[in-house]
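Chemist: Next one to model:
(2 chains)
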Amino acid sequence: MKANIYITYKEGILDPQGTTVNKALNSIGVKNINSLKIGKYIELELGNISHDEAKKICEEACTKLLANHNTEKFNYEILENE
Amino acid sequence: MKFAVVVFPGSNCDNDSFYVLKKILNVSVDFVWHKETNLSKYDVIVIPGGFSYGDHLRAGAIARFSPIMNEVVNSSKKGKPIIGICNGFQVLTETGLLTGSLMVNKTVKFISKNIRLKTCNNNSIFTRNINNSEPLEMPIAHKQGNFCADNKTIDFLEQNDLIAFKYYKENNFNGSMNDIAGIMNKTKNVLGMMPHPERASDSILGNISGIKIFESILGSN
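Modeler: Residues are numbered from 1 along each chain as shown, chains lettered A, B, ... in the order given. Here you go, the predicted model:
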């Protein structure tokens, strides 16, 4: 079992890094991007556990540490082993 | 009055705070390692600047779970003065003892320079020795000092006199909302500030604005 976690800024939070990167893309000719936001991507290797247990771990990890609830939101996807 | 300077792996202004307290103000002070779990013999707690846990994930996010932090929270409930400077401020917001968050500077750069501060509330244990018409001058040195909170929180801070310090507009280099440089909790016994008073407390450095904050805590002149 694996999980991919995405931490991104909440709406309305300024992302100066994203703004700067968007300007840089524009200056090298990659245009028509209305908005670019930079977040965090975290991969978890979870071993042989159930989907529900994996979900619980993701919720707990994000709530307790991975996301700052003032400024960030999180979502995740759980991938079954092939 | 006995001071504790909490030391995390990656703290780097712990010695500066210790020096000011011990050598300049001649008060009793100990370093306290973050694995400790008892602060009962201390009257004032300093959470110093630096890069606790390498600023991994977010500044202050991991230090918040150090064993000492439970005791810092307990001490705050007892009304003990707690001052968090720079990374210490970040740790205190992550811990929830102070509101808001310190985001990456609007310039996305580490900023190190002397700035001028305005004292907004000189009626607290941290600021009572400061004449609020006099600007304070001290250094900032951070990449994540851009104070951010929702409008409700900002209004609450403004209306309840919980903003201790603001940058002069032209000195707000990090982009902090309402030019906020330092705030207190509701009971005004916890102060967090991004500027470094401990680096502006020895006359050999040419600037002693910062000593007034430590003298305020001590209740001395």
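
Chemist: Show me which residues of chain A are close to chain B?
Modeler: Residues of chain A found near chain B (C-beta under 8 Å from any C-beta of the partner chain) are A:13-14, A:16-17, A:20, A:65-66, A:68, A:70-71. Quick note: C-beta positions are derived from backbone N, CA and C, even for glycine.

Chemist: Quick check: ChimeraX command selecting the buried ones in those residues.
Modeler: Selecting only the buried entries of the residues of chain A next to chain B in ChimeraX, with 16 or more other C-beta atoms under 10 Å in any protein chain shown as the criterion:
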select /A:13,14,16,66,68,70,71
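
Chemist: Could you list everything residue B:165 pairs with in the sheet?
Modeler: Note on residue B:165: beta-bridge partners by DSSP bridges are residue B:119, residue B:182.

Chemist: What of residue B:4?
Modeler: Residues in beta-bridge contact with residue B:4 (DSSP bridges): residue B:30, residue B:45.

Chemist: hang on, isn't it packed against residue B:47?
Modeler: No. In this structure, residue B:4 is not within contact of residue B:47 by C-beta atoms under 8 Å, at 9.5 Å.

Chemist: More neighbours: which of those two?
Modeler: residue B:47 (36 against 24; other C-beta atoms under 10 Å in any protein chain shown).

Chemist: from what I can see the more buried one touches residue B:83, true?
Modeler: Yes. Counting by C-beta under 8 Å, residue B:47 touches residue B:83, with 7.2 Å between them.

Chemist: Model confidence for residue B:221, exactly?
Modeler: If you check residue B:221, the pLDDT there is 53.

Chemist: Any residues of chain B in contact with chain A? List them.
Modeler: Within chain B, the positions near chain A by C-beta under 8 Å from any C-beta are B:57-58, B:61-62, B:65, B:93-94, B:100-101, B:103-108, B:148-150, B:175.

Chemist: sorry, back to before: so which two of the residues of chain A next to chain B are the farthest from each other?
Modeler: A:20 and A:65 (27.1 Å; C-beta to C-beta).

Chemist: Taking chain B, what residue is nearest to chain A?
Modeler: Residue of chain B nearest chain A, by C-beta to the nearest C-beta: residue B:101 (4.4 Å).

Chemist: For the closest residue to that residue other than its chain neighbours, list the residues it contacts.
Modeler: Nearest residue to residue B:101 in three dimensions, chain neighbours excluded: residue A:70, at 4.4 Å (C-beta to C-beta, 6 or more residues apart in numbering or on different chains). Counting by C-beta atoms under 8 Å, 6 or more residues apart in numbering or on different chains, residue A:70 makes contact with B:93, B:100-101, B:148-150.

Chemist: so residue A:70 is in which element?
Modeler: Using DSSP states H and E, residue A:70 maps to neither a helix nor a strand.

Chemist: returning to what we had before: report pLDDT for the residue of chain B closest to chain A.
Modeler: Note on residue B:101: pLDDT of 97.

Chemist: Looks like residue B:113 contacts residue B:137 (just checking).
Modeler: No. At 10.7 Å, residue B:113 does not count as touching residue B:137 under the criterion of C-beta under 8 Å.

Chemist: Looking at these two now, which is surrounded by more residues?
Modeler: Taking neighbours as other C-beta under 10 Å, residue B:113 and residue B:137 compare with residue B:137 leading, 17 against 9.

Chemist: For the residue of chain B closest to chain A, which residues count as its bridge partners?
Modeler: residue B:148.

Chemist: hang on, it packs against residue B:149?
Modeler: Yes. Taking C-beta under 8 Å as the definition, residue B:101 is a contact partner of residue B:149 at 7.0 Å.
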